[in-house]
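Chemist: Compute the structure for the input listed below.
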Amino acid sequence: MEKINEQNNLYDQFLRCSYYDLKNLFKEAKTKEEQDFYITLSDMVLQKEQERVIGEK
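Modeler: Modelled structure (predicted):
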C-alpha cells in the first residue's frame, strides 16, 4: 500500500510542474537517461496544453 501512495504523490507532483519547471530539471540532469525522463514529461505537458487549446476552438 505504501508504494501506491508514493506513486500518487509522484503523479500529484507532476501535475504541479510547469513546462518551464521540467525544462529547468532537464538542464540540471546529470545523465542522458534523466534528460530523457524530463523531456518525456515535458512532452506530456505540451500535449495536454495542446489538447486544451484545441478543445477551446
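Chemist: So which bits of the longest helix anywhere in the chain are buried?
Modeler: Longest helix in the chain by number of residues (criterion: DSSP state H): helix 32-56. Residues 38, 41-42, 45 are the ones in helix 32-56 that count as buried (16 or more other CB atoms under 10 Å). No exception for glycine: its C-beta is placed from N, CA and C like everyone else's.
Chemist: what pLDDT does the most centrally placed residue in the chain get?
Modeler: Central residue of the chain (CA atoms, centre = their mean): Leu41, 3.3 Å from the mean position. As summarised for this prediction, Leu41 has a pLDDT of 96.
Chemist: Leu22 is in contact with that one, correct?
Modeler: Yes - assessed by CB atoms under 8 Å, Leu41 is found in contact with Leu22 at 5.3 Å.
Chemist: Include distance to Arg52 when you put the buried residues of helix 32-56 into CSV, please.
Modeler: Compiled in CSV, those are given as follows (distance: CB to CB, whole Å):
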residue, distance to Arg52
Tyr38, 21
Leu41, 17
Ser42, 16
Val45, 11
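Chemist: wait, which of these is closest to Tyr11?
Modeler: Ranked by distance to Tyr11 (CB to CB), the buried residues of helix 32-56 are led by Leu41 at 11.2 Å.
Chemist: What distance do you get for the closest one to Glu56?
Modeler: 23 Å (CB to CB, to the nearest Å).
Chemist: cool, Cys17 as well?
Modeler: Distance from Cys17 to Glu56, by CB to CB: 22 Å.
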